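Enquirer: A structural model of the following input is requested.
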Amino acid sequence: MRVLITGAAGFIGSHLCDRFIQEGFEVIGMDNFITGSPDNIAHLFGHPKFKFIHYNVVNYIYLEGPVDIVLHFACPASPADYMSHPIHTMKVDSLGTLNTLGFAKLKKARYVFASTSEVYGDPTVHPQPETYWGNVNPIGPRSVYDEAKRFSEALCMAYHREHGIDVRILRIFNTYGPRMRMNDGRVIPNFITQALKGEPLTVYGSGEQTRSFCYIDDLVEGIFMASVKDGLSGEVINLGNPQEFRIIDIAKLIIELTNSNSKIVFYPPLPDDPKRRCPDISKAKRLLSWEPKKPLREGLLETINWFRKKLKDA
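Expert: Model prediction:
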């Protein structure tokens, strides 16, 4: 079996490359390094089952030979990144999605799309099931990501209905773990980096807003199962941890786990920042027999150790 993974040098994409190779797949990784890093896949260079192509998926894609599964995971994913690259973000989840879907159609391949919990916006339903249509500001600063993902979902379903493409849409909730960038801009890498440097931890708003955090190994297991299992064509599946935590409590826990003397400072809330975010994963349990296993404290300790080494080596 041969798979194409776009965004292969990113946080999630690089872990997916490892997993598919571990399972005996040939992997073609594709990335343009806007937010991904060659360091994330350096250990795979020279591996007989891995081929890397430095490429921007907003351009036409063609590869020789068969491809069985296309996983479209290319896209800036943190608010800091997609607000810095707003037009590219919209291109990669419009033109990039169109190109990868067209490629899957050509190769008669299964198509797995990395969507996001951001399609739910600032939700009025809690926890969020796949049937919830969302509450998204279509012209706010976050819309370049939120609406691009919503458009991509619509495009996936159009290809599914019109061309019979076997598509699976995975709505990924907050994920953390090794290989996140220190300047990623998301809450856990921000807090860990600040705590390890002895800097104040920056909380936007009151800190009462909630998120659910899924460790990368658990997420990759869910993605892999959703990619290889038959009978899921056209399905939309939430993948995330249903345990809900306040941001202020995450800050306090990271200070504790890093033995840091950092203080917590508060800044005005970010525009359109969701107040609550938590997945309903009953569908993933039913279709995939999947749910996260790694406790938050244990996952944070592994992530902190990785960040500590990165800071030491920097």
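
Enquirer: Contacts made by the helix or strand that contains Lys105 with the rest, please.
Expert: Here Lys105, judged by DSSP states H and E, is contained in helix 95-107. Here helix 95-107 makes contact (CB atoms under 8 Å, 6 or more residues apart in numbering) with 4, 6, 57-63, 66-68, 70, 72, 74-75, 109-111, 113, 151-152, 155-156, 159, 163, 165, 167. Any C-beta I mention is one placed from the backbone N, CA and C, and that applies to glycine too.

Enquirer: let's see 6 Å
Expert: 57-58, 60-61, 67, 70, 72, 74, 111, 152, 155, 159, 163, 165 (CB atoms under 6 Å, 6 or more residues apart in numbering).

Enquirer: buried subset of the residues you listed?
Expert: Among these, those classed as buried by 16 or more other CB atoms under 10 Å are Val57, Val58, Ile61, Val67, Val70, His72, Ala74, Tyr111, Ser152, Leu155, Tyr159, Ile165.

Enquirer: a markdown table for these, including secondary structure, pLDDT and distance to Glu235?
Expert: Shown next, in a markdown table, are these (DSSP: H, G, I helix; E, B strand; the rest coil; pLDDT from 0 to 100; distance: CB to CB, whole Å):
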| residue | secondary structure | pLDDT | distance to Glu235 |
| --- | --- | --- | --- |
| Val57 | coil | 98 | 23 |
| Val58 | coil | 98 | 27 |
| Ile61 | coil | 97 | 24 |
| Val67 | coil | 98 | 21 |
| Val70 | strand | 98 | 16 |
| His72 | strand | 98 | 16 |
| Ala74 | coil | 98 | 22 |
| Tyr111 | strand | 99 | 12 |
| Ser152 | helix | 98 | 15 |
| Leu155 | helix | 98 | 16 |
| Tyr159 | helix | 98 | 14 |
| Ile165 | coil | 98 | 13 |
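
Enquirer: how about CSV for those, with distance to Thr258 added?
Expert: Below are the buried ones among the contacts of helix 95-107 laid out as CSV (distance: CB to CB, whole Å):
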residue, distance to Thr258
Val57, 37
Val58, 39
Ile61, 42
Val67, 43
Val70, 39
His72, 35
Ala74, 32
Tyr111, 41
Ser152, 37
Leu155, 42
Tyr159, 46
Ile165, 46
